[in-house]
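Enquirer: Let's see this in three dimensions:
(one chain, ligands or ions: 2)
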Amino acid sequence: MSRACQPEFGVSRPYDPQVTITPSRSVGRLSLVTQRSGDLLGGDLAIDLGTANTLVYARGRGILLDEPSVVAVDTKTNTVVAVGAEAKRMIGRTPGHIAAVRPLRDGVVADYDVTAEMLRHFVRKVLRRRGAFTGPRIVICVPSGITSVEQRAVSETAYAAGARKVHIISEPMAAAIGAGLPVNQPSGSMVVDIGGGTTEVAVLALGGIVASTSLRVAGNALDQAIVEHVRGEFSLLIGERTAEELKISCGSAFPVAGPKKAEIRGRDVGSGLPRNVTVSGDELRKAMDAPIARIVAAVRSTLDRCPPELAGDLVSRGIVLTGGGALLRGLDARLQHEIGVPVLVADRPLDSVVLGTATVVEHFEQLQKVVVDGHRR
Ligand code: ADP
Ligand code: MG
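Expert: Ligands and ions are numbered 1, 2, ... in the order given. Sure, this is the predicted structure:
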C-alpha cells in the first residue's frame, strides 16, 4: 500500500539527518536542522499516532518507525499476536480466532487497551534501537475534533507506553508545521490533512488554529465506497486491502492522466467462487464521489468561517494538502476547481505530521505555545 510507494522511510532505513529532516523545511525562521543544544527533551520522541499509520521520530535521529496502526489479537486468549506491518498482512486472511484490528479506526482511541499495547510495542521497538531505556518525553498529535476524554485516553496510552512526560499537539498544527507553512506568522495558512479515518481542515495564524473542521471521512471511506461499488456493479466481494490497492493504482478525484483500468479478483456474491473483473478509473471516480464531495464541502465551510483578511492570504498562498489521502490523483485539481483557490500537495504528505511534531520536539522552547497539554501527571 502507501508505504510501498515510499520505501525510503521504512524502519530499516539507516539514519540520515539530511533526509529525515531537511533544512528546506522551515517554520518561519526556525530551521528544522537537528539541534542538540539545550537538552530539554533528551531522548525524546515525536509520534504521529495515525488511524492508518504510526510514525515515530526520535530526537536527533530521525524517523525510526513507520508502520500500519494495526494489531492482531487472539480472541481466544485475548492476547496480542502481532503489531504493525506484520499484523496488517493478516487483515482479511486471519483464522477465525485471530482478529486484525485498527484500534484508532476513526481517529480516536476506539480501543484503549489495544492502542496502548500498540504504542508500547512501537516505543519499545524504537528505544531498543537506542540501547538504553529511560522514560522519554513524548510529543504526540491528536485530531483537532477530539474530546477532552479522548485526548486524555491518548495521553494515558503514551504514559502507559513508558513516557516520562507527554505533550499533546493538534494534528492540523503538526501537519502545517511539517509541510513548512509559516504557522507563527500573522498571515493565514490552510492545511487539509487527509488520513485513513479523519480529514482535518484548519486555518492557522500566529501559532493558533483560527478555524477548523474535523471530518470522519477520509481514505478508509474511499476504500469502502469502492467495496460497495464493486459489490453493487459486479456482484463481487472484495476486501478493504484490494479496494485500497485499486484506489491507489487507478483511482482519481478529477479527470487526470493515469492508468485507465485495473483487473481485480474477488468472490462472487452468488456462487461464492473467485472471479476476476476489470474496473475502470472513470467508474472508480464516480464510486468515490460522495466521500470526496464531503471533503470538498468541509474545506469550503472552513473557508467560509475564516476571517476575510486571512481568506485573502489563502487565495494568494494556496491550500496545502497533507496525509496519505493527498496522494489521490487529481484531488488537488478537484479542490482547486471547486473552491477556486490554488491547491498544493506537501512534499512528503505521509510524513508531514510526524515531521511537524518532530519540529516541536527539536524546537520545544520556540514552539511551546502550539502544544495543547490538556492533562498533566
Ligand atoms: P493516518 O494519518 O490516518 O494514519 P495517513 O496519512 O498515513 O493516515 O494516510 C493513510 C491513507 O492514505 C490511507 O487511507 C491510504 O489508502 C491513503 N493513501 C496512501 N497512499 C495513497 C495514494 N497514493 N493514493 C491515494 N490514497 C493513498
Ligand atoms: Mg495522520
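Enquirer: count of neighbours near whichever residue of the stretch 51-200 of the chain sits closest to ligand 2?
Expert: Of all residues in the stretch 51-200 of the chain, residue 195 sits closest to ligand 2, at 3.7 Å by Cβ to the ion. C-beta coordinates here come from the backbone N, C-alpha and C atoms, glycine included. Other residues within reach of residue 195, judged by other Cβ atoms under 10 Å, total 28.
Enquirer: That one - nearest residue in space that isn't next to it in sequence?
Expert: Spatial nearest neighbour of residue 195, excluding adjacent residues (Cβ to Cβ, 6 or more residues apart in numbering): residue 323 at 4.5 Å.
Enquirer: wait, the one you found sits on residue 197?
Expert: No. Using Cβ atoms under 8 Å, residue 323 is not in contact with residue 197; the gap is 10.5 Å.
Enquirer: Overlap in contacts, those two.
Expert: 218, 219 (Cβ atoms under 8 Å, 6 or more residues apart in numbering).
Enquirer: Those two: who's more crowded?
Expert: Legend: neighbour count by other Cβ under 10 Å for residue 323 and residue 197, higher for residue 323 (29 against 23).
Enquirer: In the stretch 101-250 of the chain, what residue comes closest to ligand 1?
Expert: Here the stretch 101-250 of the chain gets closest to ligand 1 at one residue, residue 219, 1.9 Å apart by Cβ to the nearest ligand atom.
Enquirer: That residue: what's it in contact with?
Expert: So residue 219 contacts 52, 194, 195, 196, 197, 244, 247, 323, 324, 325 (Cβ under 8 Å, 6+ apart).
Enquirer: In TSV: those residues, plus distance to ligand 1 and pLDDT.
Expert: Shown next, in TSV, are the contacts of residue 219 (distance: Cβ to the nearest ligand atom, whole Å; pLDDT from 0 to 100):
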residue	distance to ligand 1	pLDDT
52	3	93
194	7	98
195	2	96
196	4	94
197	5	92
244	5	96
247	5	97
323	4	98
324	2	98
325	5	98
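Enquirer: among the residues you listed, which are in helices?
Expert: For those, membership in helices holds for 244, 247, with DSSP state H as the criterion.
Enquirer: filter the contacts of residue 219 to the buried ones?
Expert: Neighbour-count burial (16 or more other Cβ atoms under 10 Å) applied to these gives 52, 194, 195, 196, 197, 244, 247, 323, 324, 325.
Enquirer: Just put those in a markdown table and tack on distance to residue 88.
Expert: Output for those, formatted as a markdown table (distance: Cβ to Cβ, whole Å):
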| residue | distance to residue 88 |
| --- | --- |
| 52 | 10 |
| 194 | 19 |
| 195 | 15 |
| 196 | 12 |
| 197 | 15 |
| 244 | 11 |
| 247 | 16 |
| 323 | 18 |
| 324 | 14 |
| 325 | 18 |
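Enquirer: Among those, pick out the one closest to residue 339, please.
Expert: When those are compared for distance to residue 339 (Cβ to Cβ), residue 194 wins out at 14.7 Å.
Enquirer: shouldn't the closest one be in contact with residue 321?
Expert: Yes. Assessed by Cβ under 8 Å, residue 194 is found in contact with residue 321 at 6.8 Å.
Enquirer: what residues are shared contacts of the two?
Expert: residue 331.
Enquirer: circling back: roughly how far does the residue of the stretch 101-250 of the chain closest to ligand 1 sit from residue 350?
Expert: Residue 219 sits 11 Å away from residue 350, going by Cβ to Cβ, to the nearest Å.
Enquirer: how deep is residue 303 tucked in, by neighbour count?
Expert: For residue 303, using other Cβ under 10 Å, the count is 21.
Enquirer: Show me the shaky parts of the stretch 51-200 of the chain.
Expert: Residues of the stretch 51-200 of the chain meeting the criterion pLDDT under 70: 106-108, 129-134.
Enquirer: and the gap between residue 264 and ligand 2?
Expert: From residue 264 across to ligand 2, the span is 27 Å (Cβ to the ion, to the nearest Å).
Enquirer: Could you list the contact residues of the stretch 1-150 of the chain toward ligand 2?
Expert: residue 50 (Cβ under 5 Å from the ion).
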